[in-house]
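> for reference, the sequence and a predicted model appear below.
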Amino acid sequence: MNQICYKHTNISFTDSGKGTAVVLLHGFLENQKMWDTLKPEFSKKNRVITIDLLGHGETECMGYVHTMEDQADIVHAVLTQLRIRKAVFVGHSMGGYVALAFAELYPDSVKGLVLLNSTSRADSEERKLNRDRAIKAVKQSYANFISLSIANLFSEDNRERLATQIETVKKEALKTPLQGIVAALEGMKIRLDREVLLHLTPYPKMLILGQKDPVLPYEETKAQIEETQVQLVTFPDGHMSTIENQTELTAVLLRFFKGL
């Protein structure tokens with residue numbers, strides 16, 4: 001694990017393999033370890049960079065609110081340190097919001113974009129209220145909030161079958177400091193709508209969704225790529241395609257990287 005200091009904040013990342021640069025961005029309550037099962041396969045023919053986003057994993061907090069633009073800036077700082085001018089971005093959930101913010105701020109640095117169980121749209125008013133409720137809930141009962149939040153990411157059919165993996169995800173989530181959780185929720189709540197990027201950007205794009213995703217309604221999320229060139233991949237499970245559909249996801253992403 002490597003570190004850089006950006007605006008007096010330690011940012012943690014890994015860098016492995018050679019070839020096309022692929023940047024893997026984790027979601028809320030996750031950290032770069034979520035990619036450990038996929039990274040060995042990806043790094044055989046690609047240079048793979050994983051980054052702990054602000055307030056997650058080994059990366060420190062930078063303030064009360066971590067905007068998606070703040071997160072994009074730390075990603076850019078890591079790539080600048082590594083002298084990487086152009087990369088493919090894969091963002092899971094919140095990582096997708098960060099990838100989109102990066103694509104808007106640094107368009108010339110993007111070679112391809114994959115939104116994994118994510119959306120380009122801003123929070124609805126209802127979702128904003130849910131973020132506020134989540135902030136209250138995590139302040140009242142941190143461990144309970146994390147336990148419920150993680151279980152709710154998996155499709156109901158998989159919760160028993162993947163009980164061991166779910167426990168592992170919970171353990172990693174419990175390493176996320178309260179400030180990091182609140183700052184991410186505040187940042188996601190105020191993020192911009194970036195659907196226009198799916199329509200107007202020139203590089204290859206892919207949207208990967210779970211049909212039974214408890215977080216992102218499938219049909220509603222799919223609608224954002226109508227009349228675009230964005231490839232759609234649908235898995236039959238929930239929000240955690242990296243675990244629920246690991247083998248199929250690995251194959252899909254390797255094909256996407258190869259085609260660039």
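Yep, it's here.

> contacts only, for Phe235.
By C-beta atoms under 8 Å, 6 or more residues apart in numbering, the contact set of Phe235 is 208-211, 241, 244-245, 248-249. In short, each C-beta sits where N, CA and C put it, glycine included.

> swap in Lys39?
Applying C-beta under 8 Å, 6+ apart, the residues contacting Lys39 are 14, 16, 24, 48, 50.

> at 6 Å instead, please
Contact analysis of Lys39 by C-beta atoms under 6 Å, 6 or more residues apart in numbering lists Val48.

> distance-wise, check it relative to Lys212.
Going from Lys39 to Lys212 by C-beta to C-beta, to the nearest Å gives 26 Å.

> ok, Val48 next?
29 Å.

> for the residue sitting nearest the centre point of the chain, which three-state class applies?
Geometric centre of the chain, nearest residue: Gly95, 2.2 Å, by C-alpha atoms, centre = their mean. Three-state assignment for Gly95 (DSSP: H, G, I helix; E, B strand; the rest coil): helix.

> nearest residue to it other than its sequence neighbours?
Leu25 (3.1 Å; C-beta to C-beta, 6 or more residues apart in numbering).

> what pairs with that neighbour across the strands?
Beta-bridge partners for Leu25, by DSSP bridges, are Ile51, Gly91.

> thinking again about what came up before, list only those of the contacts of Phe235 flagged as buried.
Neighbour counting with 16 or more other C-beta atoms under 10 Å marks 208-210, 241, 244-245, 249 as buried within those.

> wait, which of those is closest to Val169?
Closest approach to Val169 among the buried ones among the contacts of Phe235 (C-beta to C-beta): Glu244, at 11.3 Å.

> brilliant, that's me finished.
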